[in-house]
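In: have a look; sequence and predicted model below, questions after that.
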Number of protein chains: 2
Amino acid sequence: MTEFDSVMELTPVAGAGERRRASLGEGWVIGAGINGGVLMALGARAMAGAVRAAGGGGDTLAFSAYFLSASAPGPADLDVEVLRVGRSFSTAQVAITQPTADGGSAERVRMLSTVADLAAVSGPLHRQQAPPAMPEPDACLPASAGPREILDPIKILHRLDLRLDPATAGFGLGVPTGRGELRAWIRFADGREPDLGSLPFFLDALPPVSFDLGAMGWAPTIEFSGHLRAHPAPGWLRTRITTSNVTGGLLEEDCVIWDATDRVVAQSRQLAGVRMPPAP
Amino acid sequence: MTEFDSVMELTPVAGAGERRRASLGEGWVIGAGINGGVLMALGARAMAGAVRAAGGGGDTLAFSAYFLSASAPGPADLDVEVLRVGRSFSTAQVAITQPTADGGSAERVRMLSTVADLAAVSGPLHRQQAPPAMPEPDACLPASAGPREILDPIKILHRLDLRLDPATAGFGLGVPTGRGELRAWIRFADGREPDLGSLPFFLDALPPVSFDLGAMGWAPTIEFSGHLRAHPAPGWLRTRITTSNVTGGLLEEDCVIWDATDRVVAQSRQLAGVRMPPAP
């Protein structure tokens, strides 16, 4: 089993109804907490599975995630409520909680999702954003080549083959472009091919776009919504994140993912906190 | 009391805990249902109010809405769950239901929201999208000048002073531009000034962007997320909606709102259903 499929495993919890349990390994942390994209992919998977079991379509079309507290390696419980099963579109909610030291539990993320049969609405293609021009993966900068003191706490980087476009990688050398854009090729390090279920993870896998504005601190996600637009083809994904509206405390980060056939397969927007350095 | 403040009134329901009731007047329908923007503004207001009562900030920063069933004029009940009250950011959820003919109730919308003190994070302004160049309101096309058979079922248009940029208003004459963009000036018809609480309504007040692509049918919202970025100044708002990724069944619609001082005060993205006409 691949690394990603392993962390996506959902096991029924005896005597706890529809509750499912996941095991969040140390390998998916960034700093002290579990990467938000892993949690979103897990939540989306649990909701799509519950809708499918209730007779609806089984593909995630849209999801929104609101982060409530910092997660940690260990078990996580997912409680899904199917709100509506429709002929075309179904809706579900999930609460992801973790047990706490005092014997209680703490909610980490609350999510909503629309689930449907994506193939019924993903074609024909009328228009889409063109993929960015960027050098081939071998001419880009592997994130694994960065300084160890930065990379070591970001264990999810070992799960990824992430190649930054050199034109947007200046932040790693202390010379961000200031444009507010990062571009990269991305795939799983162990060769697992991308699929619809992994797109919520890839939408949140790049460093924060605020790095390209010289704000090198943590950029906590306030709200994250993603749309999955097509099943990705095997091979490399290209991803671009941008921001256009930035204050001293907030910015939005938009992400688009193209597959190896140049098709837009996912897009997202998040509102994130930022501590912008004072203007020079 | 202004029309908008009247529909935003939330009354405690005796014996029903924290439940609040709103009265959705006929004047806010579009076709047979209540306008989604009114429901989102109500839900955001209820969540912000509950967080404020629980000791958190009182401004909506972000909200996501998932529509479950078609609403109708009449009473609506709002049940808020405050998920977290934080020093900086708080999170809440609301279910908006309406009583049904059989004595039960049907959920119309499920929403999540991040609530905070917006003034603490909305400045200083580092960068923002520039407002679109468009003629002054008096040189734009008032929506009220459209054909009666189109306007009559859209009763919310009587609550609005909506002036379409002539460059993007071709759809009204059967000659959409095909670019996927609508621009307009907008304000309340009765002179009420815009405020933070009305921005969720204005984010969803334009005709669907699919009209500019020649798809004149209903465009049901699948998921809608909005970010409120600053308190709007009094006066006209300018709003622009665009789409970049369109299939036969789905498109995203992005909206940005600028206030009279040219400040970006809100942005949103929704995933909507569309029935695109076959390519010519």
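Out: Received the coordinates, thanks.

In: which residues of the stretch 51-200 of chain A score low on pLDDT?
Out: Regions of the stretch 51-200 of chain A meeting the criterion pLDDT under 70 are absent.

In: tell me which stretches of it form strands.
Out: Assigned strands in the stretch 51-200 of chain A, in chain order: A:59-67, A:74-84, A:89-99, A:105-116, A:125-127, A:141-142, A:160-164, A:181-188 (criterion: DSSP state E, counting those that start in this stretch).

In: contacts only, for A:Leu162.
Out: By CB atoms under 8 Å, 6 or more residues apart in numbering or on different chains, the contact set of A:Leu162 is A:142-144, A:184-186, A:205-206. To be clear about C-beta, it is placed using only N, CA and C from the backbone, and glycine gets the same treatment.

In: which of the strands of the stretch 51-200 of chain A is buried the deepest?
Out: Comparing the strands of the stretch 51-200 of chain A by mean neighbour count (mean count of other CB atoms under 10 Å in any protein chain shown), strand A:59-67 ranks first with a mean of 27.

In: does chain B sit close to that one?
Out: Yes. Part of strand A:59-67 sits near chain B under the criterion CB under 8 Å from any CB of the partner chain, namely A:61-62, A:64, A:66.

In: mind listing what A:Pro73 touches?
Out: For A:Pro73, the contacting residues are A:24-26, A:28-29, A:34, by CB under 8 Å, 6+ apart.

In: restricted to strands, list these.
Out: A:24, A:29, A:34 (DSSP state E).

In: straight-line length of stretch A:114-122, end to end?
Out: Stretch A:114-122 has an end-to-end distance of 14 Å (criterion: CA to CA, to the nearest Å).

In: same question, stretch A:14-32
Out: In stretch A:14-32, first residue to last residue: 30 Å (CA to CA).

In: so what's the gap between it and the chain middle?
Out: 16 Å (CA atoms, centre = their mean, to the nearest Å).

In: in the stretch 1-150 of chain A, which residue sits nearest chain B?
Out: A:Val121 (3.0 Å; CB to the nearest CB).

In: from the contacts of A:Pro73, keep the buried residues only.
Out: In the contacts of A:Pro73, burial by neighbour count holds for A:24-25, A:28-29, A:34, counting by 16 or more other CB atoms under 10 Å in any protein chain shown.

In: dump the residue contacts of the nearest residue to A:Leu83 once chain neighbours are set aside.
Out: Excluding the flanking residues, the one nearest A:Leu83 by CB to CB, 6 or more residues apart in numbering or on different chains is A:Thr91, at 4.5 Å. The contact partners of A:Thr91, by CB under 8 Å, 6+ apart, come to A:82-84, A:112-115, B:66, B:68, B:110.

In: could I get those residues as JSON lines with distance to B:Arg163?
Out: Compiled in JSON lines, the contacts of A:Thr91 are given as follows (distance: CB to CB, whole Å):
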{"residue": "A:Val82", "distance to B:Arg163": "43"}
{"residue": "A:Leu83", "distance to B:Arg163": "38"}
{"residue": "A:Arg84", "distance to B:Arg163": "37"}
{"residue": "A:Leu112", "distance to B:Arg163": "34"}
{"residue": "A:Ser113", "distance to B:Arg163": "37"}
{"residue": "A:Thr114", "distance to B:Arg163": "33"}
{"residue": "A:Val115", "distance to B:Arg163": "39"}
{"residue": "B:Tyr66", "distance to B:Arg163": "31"}
{"residue": "B:Leu68", "distance to B:Arg163": "33"}
{"residue": "B:Arg110", "distance to B:Arg163": "34"}
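
In: now do the contacts for A:Leu213.
Out: Counted by CB under 8 Å, 6+ apart, A:Leu213 has contacts A:176, A:178, A:180, A:243, A:246, A:251, A:274, A:276, B:126.

In: let's go with 7 Å and repeat that
Out: Neighbouring residues of A:Leu213 by CB atoms under 7 Å, 6 or more residues apart in numbering or on different chains: A:176, A:178, A:180, A:246, A:276.

In: next, the third one: phi, psi?
Out: Summarising the backbone geometry of A:Gly180 under the convention degrees, to the nearest 10, its torsions are phi 80, psi 50.

In: nearest residue to it other than its sequence neighbours?
Out: Closest to A:Gly180 by CB to CB, 6+ apart is A:Thr243, at 4.3 Å.

In: from A:Val7, how far off is that neighbour?
Out: Using CB to CB, to the nearest Å, one gets 29 Å for the distance from A:Thr243 to A:Val7.

In: now check the longest helix seen in chain A, is it near chain B?
Out: Counting by DSSP state H, the longest helix found in chain A is helix A:36-53. No. Helix A:36-53 stays clear of chain B (CB under 7 Å from any CB of the partner chain), getting no nearer than 11.1 Å.

In: need the nearest residue in space to the residue of the stretch 151-280 of chain A found nearest chain B, chain neighbours excluded.
Out: Nearest to chain B in the stretch 151-280 of chain A, going by CB to the nearest CB, is A:Gly249, at a distance of 3.1 Å. Closest residue in space to A:Gly249, ignoring its immediate chain neighbours: B:Val121 at 3.1 Å, by CB to CB, 6+ apart.

In: correct me, but the one you found touches A:Leu250?
Out: Yes. Counting by CB atoms under 7 Å, B:Val121 touches A:Leu250, with 4.9 Å between them.

In: have a look at these two and say which one is more surrounded.
Out: Per other CB atoms under 10 Å in any protein chain shown, whichever of B:Val121 and A:Leu250 has more neighbours is A:Leu250, with 25 against 22.

In: need the contact list for the more buried one.
Out: Applying CB under 7 Å, 6+ apart, we find A:Leu250 in contact with A:271, A:273-274, B:121-122, B:229.

In: just A:Ala230 next, same as before
Out: Applying CB under 7 Å, 6+ apart, we find A:Ala230 in contact with A:122, A:263, A:265.

In: isn't there a helix covering it?
Out: No. Under DSSP: H, G, I helix; E, B strand; the rest coil, A:Ala230 falls outside any helix and is assigned coil.

In: pLDDT wise, what is it at?
Out: On the pLDDT scale, A:Ala230 is placed at 98.

In: measure it to A:Val109 for me?
Out: Counting by CB to CB, the gap from A:Ala230 to A:Val109 is 25 Å.

In: right, I'll leave it there.
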